[in-house]
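Participant: sequence? don't have it. structure:
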């Protein structure tokens, strides 16, 4: 069976890849495009390690078929930090570091992407809103305490300091 | 308390590997691919207990794209043993667990492996392998395993620790511990409480599945890239199982996505190597979540009976306990460790303990964070709570009255050095949490917990760069911030900014032999090696300064990052690390410090936890609404990651207490091998977890470090269950306290109350 040719905007760039009809977007991102920041924890949509933003919507990429990406816009963890000269981290990434919101780090890409989708939808979430939004992302190391603090701190910084440097 | 003042240790720098991990750049087990690589998959048994009659691989081998197929016959059996972690590992069993020879002993047991050009072809080939089984009775519980007519897993198994055990048994070992006169002790007691509890099989639940890539050269030398807690352990297991020289195997650890004890024993690596050897191409193997649940490391289900006697004032006078721990398919549960932990927090003059290691048709258990301690702590802390209730005493007061202090003999032998248990209990009693009012349907529980912590082998190398920065390399994969801790230690010893230290994880060729990341040992034992290596650099710097000044090295002092010349030395000014580093080529060449050590003991760790639980009486659903964890960590090197270890351990313990369990059907097939049905805590299940770090210096470590990672999973089971007792009036003796179980008990209680 021949592969399908897919073209999608990934992290702001038009990217092409070949995939099987039954291949997941997660597999295509990791193996076809070479973006291994998106992780597989379960392949059943339960752990959130493979979270990406797909046409503005937070999805587990293990439950999206790769051919569905044709013509779509996808943001992965690699696309969060502005690239190029004087590149800095996204405020969420910076706050994850400052709050020690990661231990092993395998769930971190999914959390950062899911948290970005949260702040896109709700720039000032309460603790409870953040906890329920992120309930689709499993972390086995941290007990979530520092993750939630990092997300709330990033939200405050992003909404409170328009135009201010993020570092 | 430690008297030394620190400049860097105790601060909270951003971890050195952090940016790579928040940007997705860090490479984990499944992230590596090699040119011309094959994909390996495993064929697993659908039965929990069966004899392998025949394996037909013809059709699989004939499939285009298939490059290698192996079965148990292709891996010779070994009788080697390997000292590993907290006990010797029987490599025969590790190997047989990796690929079954004569019998399959649990559903999911590997029987064959295939490597093919694509994952799809490999999966198709696996489905073409035809295994003929003769099914046997699955043994799925301790009660069944020890019954006289039970099906026997291992015909050659005789119970160790029982004199003249002649008949085959599913009890692999019996252990015993005692002190004083337990019968007289119970006779002196004013109150005696006895309970039998059960805990289910639970999994470590690391989010990253097992993964590796193996490459085998024509010269017989091999490289394995894998996610592991111990690259040297993987190397030595691979070499012994495949009959290779350890020098011919190099293991390169990837970043590791959690382990908690489950990534020590090999499941994939020797098979990937064997496939790569046969195919003469690299082979990548990645487990899926279903395989991780069915065939890797859970920890023991247990049945534990505890009896405790106390005087009217709450003083414990006697205790007895029997502990049955499931080992899974092969011997080696943490029953012995559980027995030694059982009474560790308390001073009890008379006790009698016995522990049994029982094989059942479930996956072979692996280490899980304080292996064996949480289950028995649940049993003991439940009984302590009952004693306090019976005597109408405050549960913290009872624990303070009996708390072990420095000089007391631990139940497992040695006298305790300085420990912070009593201090923490006193702090807990005064903490606002303990005094806060409870809301409707809420209750409060408290529990103590203990873990030994481990020492073992560690090595470290510190290289000083010519610009005055430094690199430190150890063989410990960084699971929870150990790089940052090691950089802090080098910064402290050399008085250079922590940002100018690059901490690295070496492979088995480039780092000195180091035992695994586990046993709460990295910051402690490897930390001592790092400190030693940095001090070695410092000594070399003193010598270089002495040479520069042409004075005797003994006359050169070291102070605050400077070599200080002896008084009245002509033209001599103090020389800093950067100045000495810049001149290293002219004063003797590169400056590399090293240290290797074996730490036979560690500093015992204790924790005290307070849990507030809210229970919905109509659904049985419960929710932790407030939680405070106290822990004596000796010295917190990077306090943020110490807090993180405590919070993470608490969350795992709460999951164990409230929801997590393996569910098997009558045939021994696991029915919930996914994160939807094996219910680990998510963010909306938990409150913020308050941590109180107590620092009673461990005299065995230069900074007082004790190790922190394991203790915090021990108290939550008891703390949650005691809170549940407080809310409902019901003493639950079986975990998890899942909504159906709690609702059934509440319904039963209500029926009894109204007398229907």
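Facilitator: Right, received. Where do you want to start? What you see is a predicted model, and the numbers here were worked out from it, not measured in a lab.

Participant: what separates residue B:244 from chain A, distance-wise?
Facilitator: 30 Å (Cβ to the nearest Cβ, to the nearest Å). To be clear about C-beta, it is placed using only N, CA and C from the backbone, and glycine gets the same treatment.

Participant: And that residue, which helix or strand is it part of?
Facilitator: If you go by DSSP states H and E, residue B:244 is not part of any helix or strand.

Participant: hey, where'd the strands end up in chain A?
Facilitator: A:4-10, A:13-19, A:51-54, A:57-60, A:73-75 (DSSP state E).

Participant: Given the shortest one, what are its sheet partners and their directions?
Facilitator: Think strand A:73-75. Sheet pairing of strand A:73-75 (DSSP bridges) gives strand A:4-10 (parallel), strand A:51-54 (antiparallel).

Participant: and residue 73, what does it touch?
Facilitator: All of this is about chain A. By Cβ atoms under 8 Å, 6 or more residues apart in numbering or on different chains, the contact set of residue A:73 is A:8-9, A:54-56.

Participant: you looked at the wrong chain, it should be chain B
Facilitator: Neighbouring residues of residue B:73 by Cβ under 8 Å, 6+ apart: residue B:101.

Participant: re earlier: could you single out the most deeply buried of the strands paired with strand A:73-75?
Facilitator: Of all those, strand A:51-54 carries the top mean neighbour count, a mean of 25, counting by mean count of other Cβ atoms under 10 Å in any protein chain shown.

Participant: sorry, back to before: rebuild the strands paired with strand A:73-75 as JSON lines, extending it with mean pLDDT.
Facilitator: As requested, the strands paired with strand A:73-75 are arranged in JSON lines below (pLDDT from 0 to 100):
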{"stretch": "strand A:4-10", "mean pLDDT": "98"}
{"stretch": "strand A:51-54", "mean pLDDT": "98"}
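
Participant: Going by distance to chain B, which of the contacts of residue A:73 wins?
Facilitator: residue A:54 (16.5 Å; Cβ to the nearest Cβ).

Participant: who does the nearest residue to that closest one once chain neighbours are set aside bridge with?
Facilitator: The shortest distance from residue A:54 to any residue other than its chain neighbours is 5.6 Å, reached at residue A:74 (Cβ to Cβ, 6 or more residues apart in numbering or on different chains). According to DSSP bridges, the partner residues bridging residue A:74 are residue A:10, residue A:54.

Participant: Quick one: residues contacting residue A:74.
Facilitator: A:8-11, A:25, A:29, A:52-55.

Participant: Out of the residues you listed, give me the two with the largest separation.
Facilitator: Across these, no pair lies farther apart than A:29 and A:55, at 15.0 Å, counting by Cβ to Cβ.

Participant: More neighbours: these two, which one.
Facilitator: Set residue A:29 next to residue A:55 and count neighbours by other Cβ atoms under 10 Å in any protein chain shown: residue A:29 wins out with 28 against 13.

Participant: Surely that one and residue A:51 touch.
Facilitator: No: using Cβ atoms under 8 Å, residue A:29 makes no contact with residue A:51, being 11.4 Å away.

Participant: residues shared between the contacts of those two?
Facilitator: A:38, A:61.

Participant: dump the residue contacts of residue A:136.
Facilitator: A:46, A:48, A:51, A:60, A:114, B:682.

Participant: so how many other residues sit close to residue B:150?
Facilitator: If we define neighbours as other Cβ under 10 Å, then residue B:150 has 16 of them.

Participant: just checking, it touches residue B:167?
Facilitator: No: the pair residue B:150 / residue B:167 is not scored as a contact, 11.6 Å apart, by Cβ under 8 Å.

Participant: Per-residue pLDDT of residue A:84, please?
Facilitator: At residue A:84, the predicted lDDT confidence score is 62.

Participant: Ok, the one 10 residues further on next?
Facilitator: Here, the pLDDT recorded for residue A:94 equals 97.

Participant: Any buried residues in stretch B:89-109, and which?
Facilitator: B:89-100, B:103-109 (16 or more other Cβ atoms under 10 Å in any protein chain shown).

Participant: tell me the average confidence for it?
Facilitator: Here the average pLDDT along stretch B:89-109 is 95.

Participant: distance between it and the chain's centre?
Facilitator: Computed by Cα atoms, centre = their mean, to the nearest Å, the chain-centroid distance of stretch B:89-109 equals 22 Å.

Participant: Likewise for stretch B:448-459?
Facilitator: The chain centre lies 10 Å from the centre of stretch B:448-459; the measure is Cα atoms, centre = their mean.

Participant: Spit out the contact partners of the closest residue to chain B within chain A.
Facilitator: Closest contact between chain A and chain B, by Cβ to the nearest Cβ, is at residue A:37 (1.9 Å). Counting by Cβ under 8 Å, 6+ apart, residue A:37 touches A:76-78, A:109, B:23-25.

Participant: Can you pull the domain assignment for the chain?
Facilitator: Answering for chain A, as no chain was given. Domain ranges of chain A: A:4-79, A:91-160, per automatic domain parsing.

Participant: wrong chain, I was asking about chain B
Facilitator: According to automatic domain parsing, the ranges for chain B are B:18-24+B:455-599, B:32-136+B:208-257+B:263-295, B:298-453+B:602-754.

Participant: Name the stretch among those domains that sits most buried.
Facilitator: domain B:298-453+B:602-754 (a mean of 22).

Participant: and that domain, average pLDDT?
Facilitator: Mean predicted lDDT for domain B:298-453+B:602-754 stands at 97.

Participant: now that domain, how far from the chain's geometric center?
Facilitator: For domain B:298-453+B:602-754 - counting by Cα atoms, centre = their mean - the centre lies 16 Å from the chain centre.

Participant: what does stretch B:207-217 give?
Facilitator: The mean C-alpha position of stretch B:207-217 is separated from the chain mean by 21 Å, Cα atoms, centre = their mean.

Participant: Between the two ends of it, what distance do you get?
Facilitator: When the termini of stretch B:207-217 are compared using Cα to Cα, to the nearest Å, they are 32 Å apart.

Participant: Would you check how far apart the residue most central in space within chain A and residue A:29 are?
Facilitator: In chain A, the residue lying closest to the centroid (Cα atoms, centre = their mean) is residue A:113, at 2.3 Å. For residue A:113, the distance to residue A:29 equals 12 Å [Cβ to Cβ, to the nearest Å].

Participant: Give me the common contacts of those two.
Facilitator: Counting by Cβ under 8 Å, 6+ apart, the residues touching both residue A:113 and residue A:29 are A:52, A:76.

Participant: Can you name the helix or strand that residue B:646 falls in?
Facilitator: Applying DSSP H and E, one finds residue B:646 within helix B:639-658.

Participant: partner residues bridging residue B:298?
Facilitator: residue B:203.
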